[in-house]
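Peer 1: Let's see this in three dimensions:
(one chain, ligands or ions: 1)
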Amino acid sequence: MASEHLPVLTDRVVEFLSPAAPGLIVDATIGLGGHAGALLWENPDTRLVGLDRDPRALARAGERLRVFGDRVRLVEEAFDQLPEVIERLDLEPPAAILADLGCSSLQLDDPERGFSFQSDGPLDMRMGVQGPTAADLLESLEWNELVKILRDFGEERRAGAIARAIIKRREDAPLRTTAELSRLVQGVLGDHRGRIHPATRTFQALRIAVNDELGQIERFLEPAVRALRPGGRIGIIAFHSLEDRIVKHTFRRLAGRCTCPPGLPVCGCNPRRVITVLTSSPLRPADDEVARNPRSRSARLRVAERREES
Ligand SMILES: C[S@@+](CC[C@H](N)C(=O)[O-])C[C@H]1O[C@@H](n2cnc3c(N)ncnc32)[C@H](O)[C@@H]1O
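Peer 2: Now for the predicted structure:
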């Protein structure tokens, strides 16, 4: 199925990143190229390097951005490899970097990718083509490791019970499909109690674990900021509080805020101001965008600018 992916907060991305142009823009999560296209139209003197770990997304972005000719280069790579990509391609320091975190509709809506409990498919959940699948993790992890994933990445209060059910089930036969996992979680938690499907948190947790999503962000942010040219800007769109917290704290630290534990008589972290944060609170989509694109409702954009003298 050819899925549409509506980019979120596009006007704000263009408004906040364009002042850093002309120069090189890095879209660290090119997806289907929606933000990239908007930035390239708006800034005719820029070139763009787009990264994605999903070769199918890169193929779609390549078609969509063909009109921009050699202004665009696409690279299959995880964004925590950005410094290596810059070195390998001998790129100039970027004027702007964008990361629109998480999955695209192309991934979420395709049952074969295994992200959704709403349709049946293999328990894959990988954005790219490498590494263990969700089924592999469910087959191999110990109870305490499963609990940690469900708690830390899914904020699932019944993590222990779900992990126990997974271990018991796999003694009979491995969990292979999204429907099997969804039924198992429903068996533990009962049917719909509130607004969200009982399997929502389990699926979110597994997806984050399979793709090491939080580790990717942690390893990416500071080197990305340091790769920017002076006056360059970085914009990050997060979709849940676990991601947004990392962005907020990293930006704060790089903006020179002391990160010492409270109560220390003297600051020991010697913070240096590398960036100025341009969004004192994250930018959220307006009501009409949420009405047009319900997936945008949890999006939060934070933007920072690399200081001239840092
Ligand atoms: C929300 S979509 C981006 C959509 C894009 N901004 C657009 O306008 O079409 C996120 C994309 O980032 C990719 N992605 C997520 N984490 C990544 C990572 N650590 N490294 C590289 N690509 C990643 C996903 O494969 C997905 O294609």
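Peer 1: what about Glu180, how many residues close to it?
Peer 2: Residues lying near Glu180 (other CB atoms under 10 Å) number 17. In short, each C-beta sits where N, CA and C put it, glycine included.
Peer 1: Quick check: it vs Ala134, distance?
Peer 2: For Glu180, the distance to Ala134 (CB to CB, to the nearest Å) stands at 11 Å.
Peer 1: which stretches of the stretch 151-300 of the chain form strands?
Peer 2: Across the stretch 151-300 of the chain, reading from the start of the chain, the strands by DSSP state E, counting those that start in this stretch fall at 233-238, 275-277, 300-306.
Peer 1: Now the closest residue to the ligand within the chain. Nearest residue, chain neighbours left out?
Peer 2: Here the residue of the chain nearest the ligand is Gly31; by CB to the nearest ligand atom that distance is 2.4 Å. When the adjacent residues along the chain are set aside, Gly31 lies closest to Ser104, with 4.3 Å between them (CB to CB, 6 or more residues apart in numbering).
Peer 1: what residues are up against the one you found?
Peer 2: Contacts here follow CB atoms under 8 Å, 6 or more residues apart in numbering; on that basis Ser104 touches 3, 5, 31-32, 54, 57.
Peer 1: Selecting buried members of those residues in PyMOL, what would you type?
Peer 2: This is the PyMOL syntax for the buried subset of those, where burial follows 16 or more other CB atoms under 10 Å:
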select buried, resi 5+31+32+54+57
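Peer 1: any idea which of the contacts of Ser104 is closest to Asp152?
Peer 2: Distance to Asp152 across those (CB to CB) is lowest for Asp54, with 24.4 Å.
Peer 1: The nearest residue to that closest one once chain neighbours are set aside sits in which helix or strand?
Peer 2: Closest residue to Asp54 apart from its sequence neighbours, by CB to CB, 6+ apart: Met127 at 5.1 Å. In this structure, Met127 sits in neither a helix nor a strand according to DSSP states H and E.
Peer 1: Can you report phi and psi for Met127?
Peer 2: phi -70, psi -40 (degrees, to the nearest 10).
Peer 1: Could you look over the strands of the stretch 151-300 of the chain and pick the most buried one?
Peer 2: strand 233-238 (a mean of 26; mean count of other CB atoms under 10 Å).
Peer 1: And the residue lying farthest from the centre of the chain, how far from Cys258?
Peer 2: Among the residues of the chain, the one whose C-alpha is farthest from the average of all C-alpha positions is Pro265, by CA atoms, centre = their mean at 37.5 Å. Using CB to CB, we find Pro265 at a distance of 13 Å from Cys258.
Peer 1: repeat for Ile237
Peer 2: With the distance defined as CB to CB, Ile237 ends up 27 Å from Cys258.
Peer 1: Within range of the ligand, give me the residues from the stretch 151-300 of the chain.
Peer 2: Near the ligand, the residues belonging to the stretch 151-300 of the chain are Gln216 when assessed by CB under 6 Å from any ligand atom.
Peer 1: Sketch out the low-pLDDT regions of the stretch 151-300 of the chain for me.
Peer 2: Counting by pLDDT under 70, the low-confidence segments of the stretch 151-300 of the chain come to 193.
Peer 1: what are the ranges of the helices in it?
Peer 2: For the stretch 151-300 of the chain, helices defined by DSSP state H, counting those that start in this stretch occupy the ranges 159-172, 178-189, 200-210, 213-227, 241-254, 287-292.
Peer 1: what about these, which gets the closest to Trp41?
Peer 2: helix 287-292 (18.9 Å).
Peer 1: just to revisit the earlier point, select, out of the helices of the stretch 151-300 of the chain, the one closest to Gly37.
Peer 2: Proximity of the helices of the stretch 151-300 of the chain to Gly37 was assessed by CB to CB; the nearest stretch is helix 287-292, lying at 17.3 Å.
Peer 1: quick one: the strands in the stretch 1-150 of the chain?
Peer 2: Remark: strands of the stretch 1-150 of the chain, listed N- to C-terminal, are 23-27, 46-52, 72-76, 96-100; assignment by DSSP E, counting those that start in this stretch.
Peer 1: Hmm, Ala96 is touching Ile234, no?
Peer 2: Yes. Applying CB atoms under 8 Å, one finds Ala96 in contact with Ile234, separated by 7.2 Å.
Peer 1: intersection of neighbour lists for those two?
Peer 2: Contact criterion CB under 8 Å, 6+ apart; residues bridging Ala96 and Ile234 by contacting each: Leu228.
Peer 1: what pLDDT does Ala2 get?
Peer 2: Model confidence at Ala2, given as pLDDT, is 46.
Peer 1: The one 10 residues further on too?
Peer 2: The predicted local confidence for Arg12 comes out at a pLDDT of 97.
Peer 1: One more: the one 3 residues further on?
Peer 2: At Glu15 the predicted local confidence, pLDDT, stands at 97.
Peer 1: burial count for it?
Peer 2: Residue neighbour count, defined by other CB under 10 Å, stands at 13 for Glu15.
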